[in-house]
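S.K.: next come a sequence and a model predicted from it.
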Amino acid sequence: MKHQKKTWFYLFAAPVVLALIIVVVIPFLYGVYYSFTNWDAVAKGEFIGLANYQALFSDSGFWSAIGFTVKFAVVSILLINVIGLGLAMLVTSKFKGANLLRTVFFMPNLIGGLILGFIWQFIFINAFGAIGDALGNESLKTWLSTTQTGFWALVIVMCWQMSGYIMVIYISYLQNVDDALLEAADLDGATAWQKFWHVKFPLIMPGFTVSLFMTLSNSFKLYDQNLSLTNGGPYNSTQMVAMNIYNSAFVENKMGYAQSKAVIFFIIVAVISLAQVYLTKRKEVEV
């Protein structure tokens with residue numbers, strides 16, 4: 001019987017593992033190989049060793065994109081998790097219309113990133129422009145034309161899209177908090193903040209681990225909204241890493257060089273993500 005269960009397990013797992021190998025593992029290994037070549041998507045490309053990586057470390061545009069992406073990720077991760085947790089706390093409190101609000105808050109996540117970017121591009125250019133005309137404020141008319149306001153435009157759209165999704169994750173953990181623990185805290189005279197920080201938050205820490213990982217990975221790999229909102233301008237000052245790699249590959253036709261950027265970017269994101277999961281997992285409590 002035990003042998004039969006293992007057989008069925010392998011049969012069901014095999015298609016998923018095979019798809020993962022074909023779609024993820026093999027392309028990744030090919031990408032690592034091509035990062036050591038001068039492939040330009042036309043010629044086969046010659047093996048040039050570490051030349052791409054040596055050129056990469058003196059590429060100011062790439063490291064500027066890395067810095068901008070890290071700054072964007074830090075701000076977005078903090079805001080999305082704070083807003084998502086706040087929305088989850090709101091809709092899990094018992095009041096009429098809570099279920100409707102859940103739907104409303106989650107709906108922006110259903111809109112595709114590129115479409116969402118063009119919708120907000122219209123808002124930032126036309127709606128903000130009209131408000132700027134009415135108030136006589138010229139800065140509102142150029143919201144996507146400066147580095148500072150372009151950065152905040154990207155943050156606003158990212159938060160608007162992902163906060164509802166993160167809210168759902170927190171809701172699933174908040175609903176599993178034992179009411180007896182909260183009642184015991186009430187009897188001990190705990191304030192609302194003390195109940196949240198010392199009772200609820202430790203119990204939803206696994207949800208925080210998942211949410212932090214999701215927002216971290218999505219913030220670092222953002223491309224579509226960056227393209228539709230600012231297209232990296234002005235002068236590539238709002239260009240994120242994904243766009244920088246794309247431009248190297250498909251605009252400059254430096255496929256091998258772009259692959260070396262992608263490998264370095266993968267290592268950076270992997271190290272940060274693993275460190276985040278390790279640190280937040282240590283804070284989780286078992287009930």
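M.R.: Received it, and whenever you're ready, just let me know what you need.
S.K.: output the below-cut-off pLDDT ranges for this structure.
M.R.: 1-3, 285-287 (pLDDT under 70).
S.K.: quickly note the distance from residue 229 to residue 143.
M.R.: Separation of residue 229 from residue 143 (Cβ to Cβ, to the nearest Å): 10 Å. C-beta coordinates here come from the backbone N, C-alpha and C atoms, glycine included.
S.K.: so what sits against both of those two?
M.R.: Taking Cβ atoms under 8 Å, 6 or more residues apart in numbering as the criterion, residue 229 and residue 143 both touch 124, 150, 153.
S.K.: and of these, the nearest to residue 47?
M.R.: Closest to residue 47 out of the shared contacts of residue 229 and residue 143 is residue 150 (39.8 Å), distances taken as Cβ to Cβ.
S.K.: grab the most central residue of the protein for me.
M.R.: Central residue of the chain (Cα atoms, centre = their mean): residue 218, 1.8 Å from the mean position.
S.K.: roughly how far does it sit from residue 166?
M.R.: In terms of Cβ to Cβ, residue 218 sits 10 Å off from residue 166.
S.K.: got the contact list for residue 146?
M.R.: Contacts of residue 146 (Cβ under 8 Å, 6+ apart): residue 234.
S.K.: at 10 Å what do you get?
M.R.: Applying Cβ atoms under 10 Å, 6 or more residues apart in numbering to residue 146 gives the contacts 139, 152, 153, 230, 233, 234, 237, 238.
S.K.: buried ones from these, can you make that a PyMOL selection?
M.R.: The buried residues among these can be selected in PyMOL (16 or more other Cβ atoms under 10 Å) with this line:
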select buried, resi 153+230+237+238
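S.K.: kindly reformat the contacts of residue 146 as TSV containing secondary structure and distance to residue 98.
M.R.: Below are the contacts of residue 146 laid out as TSV (DSSP: H, G, I helix; E, B strand; the rest coil; distance: Cβ to Cβ, whole Å):
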residue	secondary structure	distance to residue 98
139	helix	38
152	helix	30
153	helix	31
230	coil	36
233	coil	42
234	coil	43
237	coil	42
238	coil	37
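S.K.: check which helix or strand the nearest residue to the residue nearest to the centre of the chain once chain neighbours are set aside maps to.
M.R.: Nearest non-adjacent residue to residue 218, counting by Cβ to Cβ, 6 or more residues apart in numbering: residue 162, 6.5 Å away. In the assignment (DSSP states H and E), residue 162 maps to helix 147-174.
S.K.: next SSE after that helix?
M.R.: Next along from helix 147-174, by DSSP H and E: helix 179-187.
S.K.: hang on, the earlier thing: alpha carbons of the helix or strand harbouring the residue nearest to the centre of the chain, as CSV, please.
M.R.: Per DSSP H and E, residue 218 falls inside helix 205-220. Provided in CSV are the C-alpha atoms of helix 205-220 (Å, rounded to 0.1, in the frame of the first residue of the first chain):
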residue,chain,number,x,y,z
MET,A,205,3.8,36.2,11.2
PRO,A,206,3.7,33.4,8.7
GLY,A,207,1.5,35.6,6.6
PHE,A,208,4.0,38.4,6.9
THR,A,209,6.7,36.1,5.7
VAL,A,210,4.7,35.2,2.6
SER,A,211,3.5,38.7,1.9
LEU,A,212,7.0,40.2,2.3
PHE,A,213,8.4,37.6,-0.2
MET,A,214,5.6,38.3,-2.7
THR,A,215,6.0,42.0,-2.6
LEU,A,216,9.8,41.8,-2.7
SER,A,217,9.9,39.6,-5.8
ASN,A,218,7.2,41.6,-7.6
SER,A,219,8.8,44.9,-6.8
PHE,A,220,12.2,43.9,-8.1
